[in-house]
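**Q** Using only what follows, build the 3D model:
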Amino acid sequence: MVPRPLRRRGHGICEIEMNYQWYPGHMTKAKRMMEENIKLIDLIIELVDARIPLASRNPDIDELGKGKSRIVLLNKSDLADADCNQQWIRYFQESGVHVLEVNSRTGAGVRDISPLVRAACAQKLERDRKRGIVNRPVRAMVVGIPNVGKSTFINSFTGRACTKTGNKPGVTKGKQWIRLSKTLELLDTPGILWPKFEDNRVGMYLAFIGSINDDIIIGEELACDLLDCVGELYPGVVESRYGIARKETAPGTLEEIAGSRFCFLKGGQPDLKKAAAILTDDFRSGRLGRMTLERAPVGK
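**A** As a prediction, the model looks like this:
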């Protein structure tokens, strides 16, 4: 993450505006592996985070998946705004994409995936039938950015612990074929980003949901950006969560959150690092409420 000039914002501290970028070397290897295996694939199942459906789509997948059937799963839909979920479903459907909202952790929506696979691969299945090909399974590559929930999804979909799961990026290290049934095989792949985010807001959103390694992030800066974003889209939520007096001119500050949660350093100074960690964790876990940070484009 590259620092930019110091600035003053409405949070009572002076922060460095950060350029959110992360592309470790193993992602190049993972992308190459996906390119080598794409010829074996009939279908791409792409998991995105329902809170940021566009920012969590890797644009490289569009190039990689040319000519392949596609399904987009709005994962972690329980953390996203319910009305926005429906708007995003309409957006993808009107764009010609098969789409479904799911919650891999609880299994909600997972039962509807198999019929969606058959719908997405209807032409392929019909071609096989006309050629007299029977019992050849659909081969689907499961893709997504780090920490979007691919491994949890696969375990939920298969009904068994096939892959490792975790709440940080980089848990899945290599490819893994999983035979789900006689009609469907899944290829699990590592989560990958793309080399450069042209819009810094995309990187910021990805950092919010934990898809960028927290070790390279300045937590206080991330939290200040999150306060700005949440304050704009869901005014009053932060103040209500932390018992902060509502102001019309600016959202709650990290100092106020530190005070409400009794986070202090020696000498009585607010512990902004701890307050930032509390805010970020509350957002990621849904304790701030169901929130969608990207709104579906109008007119699709």
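
**Q** low-scoring pLDDT stretches of this protein, where are they?
**A** Scanning the chain with the threshold set as pLDDT under 70 gives 1-18, 161-175, 249, 299-300.

**Q** For it, which segments count as helices?
**A** Taking DSSP state H as the criterion, the chain carries its helices at 26-37, 59-64, 82-94, 113-120, 122-130, 150-158, 200-209, 219-233, 237-242, 254-260, 272-285.

**Q** would you turn those helices into a markdown table with mean neighbour count and distance to T106?
**A** C-beta: built from backbone N, CA, C; applies to glycine. Output for those, formatted as a markdown table (neighbours: other Cβ atoms under 10 Å; distance: least, Cβ to Cβ, whole Å):
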| stretch | mean neighbour count | distance to T106 |
| --- | --- | --- |
| helix 26-37 | 15 | 28 |
| helix 59-64 | 15 | 26 |
| helix 82-94 | 16 | 15 |
| helix 113-120 | 17 | 14 |
| helix 122-130 | 12 | 29 |
| helix 150-158 | 23 | 8 |
| helix 200-209 | 22 | 18 |
| helix 219-233 | 20 | 24 |
| helix 237-242 | 18 | 23 |
| helix 254-260 | 21 | 29 |
| helix 272-285 | 20 | 14 |
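
**Q** now for the ones you listed, which one comes closest to P53?
**A** Taking Cβ to Cβ, helix 82-94 is the member of these nearest to P53, at 5.0 Å.

**Q** Next, the angle from the closest one to helix 219-233.
**A** Note on geometry: by axes from the mean of the first three to the mean of the last three Cα atoms, to 10 degrees, helix 82-94 and helix 219-233 are set 90 degrees apart in direction.

**Q** Give the other helices and strands that helix 82-94 contacts.
**A** Counting by 3 or more Cβ pairs under 8 Å, 6 or more residues apart in numbering; DSSP states H and E, the packing neighbours recorded for helix 82-94 are strand 69-75, strand 98-101.

**Q** okay, those strands, which one's buried deepest?
**A** strand 69-75 (a mean of 23; mean count of other Cβ atoms under 10 Å).

**Q** Start and end of stretch 109-127, how far apart?
**A** The straight-line separation of the ends of stretch 109-127 (Cα to Cα, to the nearest Å) is 29 Å.

**Q** again, but for stretch 282-298
**A** End to end - Cα to Cα - stretch 282-298 spans 30 Å.

**Q** Pull up the gap between D81 and F262, please.
**A** D81 is 31 Å from F262, where distance means Cβ to Cβ, to the nearest Å.

**Q** Same check on R284?
**A** Distance of R284 to F262, given as Cβ to Cβ: 22 Å.

**Q** wouldn't R295 be in contact with C84 here?
**A** Yes - R295 lies in contact with C84 (Cβ atoms under 8 Å); the separation is 6.5 Å.

**Q** Next, count neighbours for A140.
**A** Counted with other Cβ atoms under 10 Å, the neighbours of A140 add up to 24.

**Q** Could you do R246 as well?
**A** Neighbours of R246 (other Cβ under 10 Å): 11.

**Q** quick one, what contacts the residue nearest to it when sequence neighbours are not counted?
**A** Distances taken as Cβ to Cβ, 6 or more residues apart in numbering place E239 nearest to R246, at 4.7 Å, with adjacent residues excluded. Contacts for E239 (Cβ atoms under 8 Å, 6 or more residues apart in numbering) come out as 245-247, 251-252.

**Q** So how do I select the buried members of those residues in ChimeraX?
**A** Filtering the contacts of E239 down to the buried ones (16 or more other Cβ atoms under 10 Å) takes a single ChimeraX command:
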select :251,252
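
**Q** Excluding sequence neighbours, find me the nearest residue to the spatially most central residue of the chain.
**A** In the chain, the centroid-proximal residue (Cα atoms, centre = their mean) is D49; its distance is 3.2 Å. Closest residue in space to D49, ignoring its immediate chain neighbours: S56 at 4.2 Å, by Cβ to Cβ, 6+ apart.

**Q** I figured that neighbour hits G210, correct?
**A** No - taking contacts as Cβ under 8 Å, S56 lies outside contact range of G210: 11.1 Å.

**Q** who's more crowded, the two?
**A** S56 (27 against 20).

**Q** Can you name the residues that contact the more buried one?
**A** Contact partners of S56, counting by Cβ under 8 Å, 6+ apart, are 48-49, 144-145, 148, 205-206, 209, 211.
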